[in-house]
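Visitor: output the structure for:
(one chain, ligands or ions: 1)
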Amino acid sequence: MSEKLNEFKQCNACDMEKPIDEFSKRGKGYSAACKECVKQKGAATREKKKADKQKSDTRTAFNEHWKQTADQIDTFDLTQISDLLKEYQKQIKNMM
Ligand SMILES: [Zn+2]
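Guide: The predicted model follows:
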């Protein structure tokens, strides 16, 4: 057990040599990335998922809003339609 503590392994994510107990066990061996990197990667993945979901929520709300607006468009006059177009373009720009 004690010789295990002197083992070092290079992390394939941060390229640092770290004591083997900085790596999670995976099957018979150890994870290729150190615990720190695995944790950071997990956090980054979660952040990305959250951002993607927010984007898709925004898109859904946007589509819903404009679908409803399109249904009422015959009741609008030209000024209202021109205002709508400006708003539409602004929202599209925000989503990019
Ligand atoms: Zn690492």
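
Visitor: from here on, contacts and neighbour counts on C-alpha atoms
Guide: Fine.

Visitor: surely residue 23 and residue 37 touch.
Guide: No - using Cα atoms under 8 Å, residue 23 is not in contact with residue 37; the gap is 9.5 Å.

Visitor: those two: which is more packed in?
Guide: Ranked by neighbour count (other Cα atoms under 10 Å), residue 23 and residue 37 place residue 23 first, with 22 against 17.

Visitor: and the closest residue to the more buried one other than its chain neighbours, what pLDDT?
Guide: Nearest non-adjacent residue to residue 23, counting by Cα to Cα, 6 or more residues apart in numbering: residue 34, 4.5 Å away. We have a pLDDT of 97 for residue 34.

Visitor: just checking, residue 34 touches residue 26?
Guide: No - with contact defined as Cα under 8 Å, residue 34 does not count as touching residue 26 (11.5 Å).

Visitor: between the two, which has more neighbouring residues?
Guide: residue 34 (26 against 9).

Visitor: if we can go back for a sec, for the residue nearest to residue 23, give me phi and psi.
Guide: In terms of degrees, to the nearest 10, the main-chain angles of residue 34 are phi -70, psi 160.

Visitor: quick one: list the elements packing against the host helix or strand of residue 69.
Guide: Using DSSP states H and E, residue 69 sits within helix 35-71. Counting contacts by 3 or more Cα pairs under 8 Å, 6 or more residues apart in numbering; DSSP states H and E, helix 35-71 packs against helix 78-95.
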